[in-house]
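# Below: sequence and its predicted model.
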Amino acid sequence: MTSWKSGMDRRNWTANTNLEVITMMIRKRKIPQILSGNVLIVGLGLMGGSIVRSLKEYSEDIHIQAVDIRPDPIERALRDAMIEDGAVEPEEPEKTEALLGNSRLVVLSMYPAGMMRFLVEHAKALRPGTIVMDICGLKGDFVEEAQRLMPEGVEFIGAHPMAGREKVGYENGDGEMFLGATFVLTPTERNTPETVSAMYDLARVLGFGRVREVDPMEHDRLIAYTSHLPHVMASVLMQAWHGGDDVKAFSGGSFRDVTRIADINENLWTELFMMNSQALTESLRDFMIALGEFTSLMEAEDREGLKRFLKKSGDRKREWNREISRSELGGAHGK
């Protein structure tokens with residue numbers, strides 16, 4: 001599917017396009033049912049701030065509210081006219097629950113442990129017909145526990161936008177961060193087809209290139225390999241050199257690419273690593289086996305074996321790229 005942003009992104013508009021025409025085009029976009037009521041973003045950091053900006057870029061008529069533990073992002077978002085109302089938690093519990101009670105969609109953009117504490121404290125304020133979606137990097141048992149906490153008539157569904165930045169905070173949010181990325185959904189038997197369909201509509205509005213559905217536990221196993229393990233590798237690589245500062249002069253593009261994600265949010269990633277320790281440990285063991293094989297080939301000076309090893313890796317990467325290209329050509333709603 002071609003997202004609205006790929007066809008109507010302001011970067012693609014000519015310099016001669018009349019601003020009033022552009023504004024009218026934005027305002028007349030059809031707003032899907034899931035966004036027809038109030039949208040509440042809980043956690044106005046990088047991801048929450050990016051979602052707010054993306055929704056507002058889609059239509060200024062989407063009504064957004066926010067809750068955060070700090071007053072600064074709430075104040076900034078109000079000044080920017082990104083949100084219409086906000087509350088600081090836990091200083092304003094009554095206002096927080098009032099915002100929860102009048103929202104059609106609640107997006108939890110929080111650390112996993114913080115999300116569960118928030119739901120235990122405030123889920124009672126949710127009203128029937130509300131959909132609650134989280135976007136944290138772990139699902140597993142969290143989805144089941146969150147669904148158990150929902151009041152009658154309220155649905156919880158897990159999601160994971162496969163996009164991000166090294167920087168954190170509302171001020172670094174980017175309304176185009178999700179363009180072409182994958183939106184992972186982790187529905188369970190408790191989710192209705194209507195709610196799952198609404199999440200596809202949301203993904204389209206945010207500009208995602210494709211949607212994938214997966215079991216919550218399988219999500220954590222896969223994410224241990226594709227996200228957690230690379231962050232471990234980048235962090236370890238930055239600590240593996242003990243030969244002095246001269247290495248900086250010899251750092252080209254490949255080193256920068258591999259270590260880019262070593263500029264890490266240590267609080268978030270410690271929580272993610274520890275809460276997904278079993279799956280991450282299994283991925284680390286598999287990596288160490290492959291690294292051990294490579295080391296043995298080097299020690300044995302096995303030139304042909306090393307060629308086979310590298311060719312196998314290259315073949316896998318090229319096939320990976322082909323599969324991604326086919327997925328992008330096939331549209332957004334593949335499973």
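That came through, no problem.
# For the one helix or strand Gln65 maps to, give me every contacting residue.
Element membership for Gln65, per DSSP states H and E: strand 64-68. Contacts of strand 64-68 with the rest of the structure, by C-beta atoms under 8 Å, 6 or more residues apart in numbering, involve 38-45, 48, 52, 55-56, 73-74, 77, 82-89, 96, 99, 103, 170. (C-beta placed from N, C-alpha, C; glycine too.)
# Which ones among those map onto strands?
Val39, Leu40, Ile41, Val42, Asp85, Gly86, Ala87, Val88 (DSSP state E).
# Closest one of the residues you listed to Val258?
Ile41 (33.0 Å; C-beta to C-beta).
# beta partners of the closest one?
Counting by DSSP bridges, Ile41 is bridged to Ala66, Val107.
# wait, isn't it in contact with Ser50?
No - the pair Ile41 and Ser50 does not pass the contact test of C-beta atoms under 8 Å, sitting 10.1 Å apart.
# still on that earlier bit, let's have the ones in strands among the contacts of strand 64-68 in TSV, adding pLDDT.
Shown next, in TSV, are those (pLDDT from 0 to 100):
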residue	pLDDT
Val39	98
Leu40	98
Ile41	98
Val42	98
Asp85	97
Gly86	97
Ala87	97
Val88	97
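# In the protein, mark out all the strands, start to finish.
39-42, 64-68, 85-88, 105-108, 131-134, 155-161, 182-186, 210-213.
# quick one: contacts for Phe309?
Contacts for Phe309 (C-beta under 8 Å, 6+ apart) come out as Glu293, Phe294, Leu297.
# Now with 10 Å, please.
Applying C-beta atoms under 10 Å, 6 or more residues apart in numbering, we find Phe309 in contact with Ala290, Glu293, Phe294, Leu297, Met298, Asp302.
# go on, Ala125?
Neighbour list for Ala125: Pro93, Glu94, Thr96, Glu97, Ala98, Leu99, Leu100, Gly101, Asn102, Ser103, Pro151 [criterion: C-beta under 10 Å, 6+ apart].
# of the ones in strands among the contacts of strand 64-68, closest to Val107?
For the ones in strands among the contacts of strand 64-68, the residue nearest Val107 by C-beta to C-beta is Ile41; the value is 5.1 Å.
# burial measure for the residue nearest to Val168 when sequence neighbours are not counted, as a count.
Counting by C-beta to C-beta, 6 or more residues apart in numbering, Leu46 is the residue found nearest to Val168 once chain neighbours are left out, at 5.1 Å. Neighbour count of Leu46, defined by other C-beta atoms under 10 Å: 22.
# With Glu91 instead?
10.
# and the gap between it and Met275?
27 Å (C-beta to C-beta, to the nearest Å).
# Now the terminal residues of stretch 222-234, how far apart.
Counting by C-alpha to C-alpha, to the nearest Å, you get 18 Å between the two ends of stretch 222-234.
# Next, the buried residues of that stretch.
Leu222, Ile223, Ala224, Tyr225, Ser227, His228, Leu229, His231, Val232, Met233, Ala234 (16 or more other C-beta atoms under 10 Å).
# taking the residues you listed one by one, which sit in helices?
Mapping the buried residues of stretch 222-234 onto helices (DSSP state H) picks out Leu222, Ile223, Leu229, His231, Val232, Met233, Ala234.
# The first one: what's it in contact with?
Just to be clear, that refers to Leu222. Applying C-beta under 10 Å, 6+ apart, the residues near Leu222 are Val184, Arg212, Val214, Asp215, Ala279, Ser283.
# would you turn the residues you listed into CSV with distance to Ser254, pLDDT and neighbour count?
Converted to CSV, the contacts of Leu222 look like this (distance: C-beta to C-beta, whole Å; pLDDT from 0 to 100; neighbours: other C-beta atoms under 10 Å):
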residue, distance to Ser254, pLDDT, neighbour count
Val184, 28, 96, 22
Arg212, 29, 93, 18
Val214, 31, 95, 19
Asp215, 35, 94, 15
Ala279, 28, 95, 22
Ser283, 22, 96, 21
